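Visitor: pasting the sequence and the predicted model now:
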Amino acid sequence: CIEDNGKGVSEVDLPFVFEKGFTGYNGRTETRSSGIGLYLSRKIMKRLDHGISVESEPGKGTRVYLSLGRRRAELF
């Protein structure tokens, strides 16, 4: 789990945070937002066969959960 105590993400924006270029309300008020970070994180986690999810509460912060499953290595 990676968490912060920042602005948080609104409930309306939360379902879209992994979309490429999505910045939501906070991104429209902050000029430094690109909307690429969580998109790339999810893409990498999927490629590695792992999971990622987000929960947030406006005014209290955001938690990003990384699910790092183990697979049995196959021998050649």
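Guide: In hand now; what should we look at? Numbering: from 1, shown residues only.
Visitor: what's the next secondary structure element after the helix-or-strand element of the chain with minimal mean pLDDT?
Guide: Lowest mean confidence among the helices and strands of the chain (mean pLDDT, DSSP states H and E): helix 24-29, at a mean of 68. Where DSSP states H and E defines the elements, the next helix or strand beyond helix 24-29 is helix 37-47.
Visitor: buried set for that following helix?
Guide: Using 16 or more other Cβ atoms under 10 Å as the test for burial, helix 37-47 gives 38-39, 41-42, 45. Where you see a C-beta, it was placed from the backbone N, CA and C, and this is true even at glycine.
Visitor: what's the distance between Val54 and Arg70?
Guide: To Arg70, Val54 is 23 Å away according to Cβ to Cβ, to the nearest Å.
Visitor: Tyr53 belongs to a strand, doesn't it?
Guide: Careful, residue 53 is Ser; it's not Tyr. Yes: assigned with DSSP: H, G, I helix; E, B strand; the rest coil, Ser53 falls within a strand.
Visitor: returning to what we had before: in the buried residues of helix 37-47, find the pair that's most separated.
Guide: Tyr39 and Met45 (11.1 Å; Cβ to Cβ).
Visitor: shared neighbours, these two?
Guide: Residues touching both Tyr39 and Met45 (Cβ atoms under 8 Å, 6 or more residues apart in numbering): none.
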